[in-house]
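1. Give me a 3D structure for the following:
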Amino acid sequence: MIYKIPEIGAGIQSFFRELHQELAQEVSRKIEEQLDQEVNAWLYRHWYERRQGVKRRSQAYCQKCGSQKACQFLRNGYRARQVVTQFGVINFRLPRVRCVCGGSVQIPFLIMK
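-> Coordinates of the predicted model:
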């Protein structure tokens, strides 16, 4: 019967498109949340905490000066990235971290392995 009423088929397609968009947005949110938690762990602080109080060395390192001092690392916004899966494309924002020397900090994200 559905093939005789094209509006119903279009409605179902629209429903699945909306469902797919909502699922992709939720997956993106979860990925971004996990990446932010990993940055917090590698820098030994949350984004709102001062870096001067951190005296630990991190496994993350500056690609320019080689420093591993977490107190020298600054959050520097986000970079847009995509992951292509068999279900579609997932867009997310990858946190950027810089060193006080201006170099990019290599973060060993567990979620990206």
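
2. ranges for the strands of the chain?
-> Using DSSP state E, the strands of the chain run over 61-62, 73-85, 88-99, 105-106.

3. Quick one: closest of those strands to Asp36.
-> Asp36 lies closest to strand 88-99 among these, at 6.1 Å (Cβ to Cβ). (C-beta placed from N, C-alpha, C; glycine too.)

4. mind listing what's buried in that closest one?
-> The neighbour-count check on strand 88-99 (16 or more other Cβ atoms under 10 Å) flags Ile90, Phe92, Leu94, Pro95, Val97, Arg98, Cys99 as buried.

5. Show the pLDDT at the first one.
-> So the one you mean is Ile90. Note for Ile90: predicted pLDDT of 92.

6. just checking, it touches Gln25?
-> No - Ile90 is not in contact with Gln25 according to Cβ atoms under 8 Å; the separation is 9.3 Å.

7. Contacts only, for the closest residue to Arg81 other than its chain neighbours.
-> Among residues not flanking Arg81 along the chain, Leu94 sits closest, at 4.7 Å (Cβ to Cβ, 6 or more residues apart in numbering). Contact analysis of Leu94 by Cβ atoms under 8 Å, 6 or more residues apart in numbering lists Leu35, Tyr78, Arg79, Ala80, Arg81.

8. again, only this time at 7 Å
-> Leu35, Tyr78, Arg79, Arg81 (Cβ atoms under 7 Å, 6 or more residues apart in numbering).

9. Quick check: the farthest pair among those residues?
-> Leu35 and Arg79 (10.6 Å).

10. Tell me which of those two has more neighbours.
-> Taking other Cβ atoms under 10 Å, Leu35 and Arg79 do not tie; Leu35 has more neighbours (21 against 10).

11. show me the contacts for the nearest residue to the more buried one once chain neighbours are set aside.
-> By the measure of Cβ to Cβ, 6+ apart, the closest residue to Leu35 outside its immediate chain neighbours is Pro95, 5.5 Å from it. By Cβ under 7 Å, 6+ apart, Pro95 lies in contact with Leu35, Asp36, Val39, Arg75, Tyr78.
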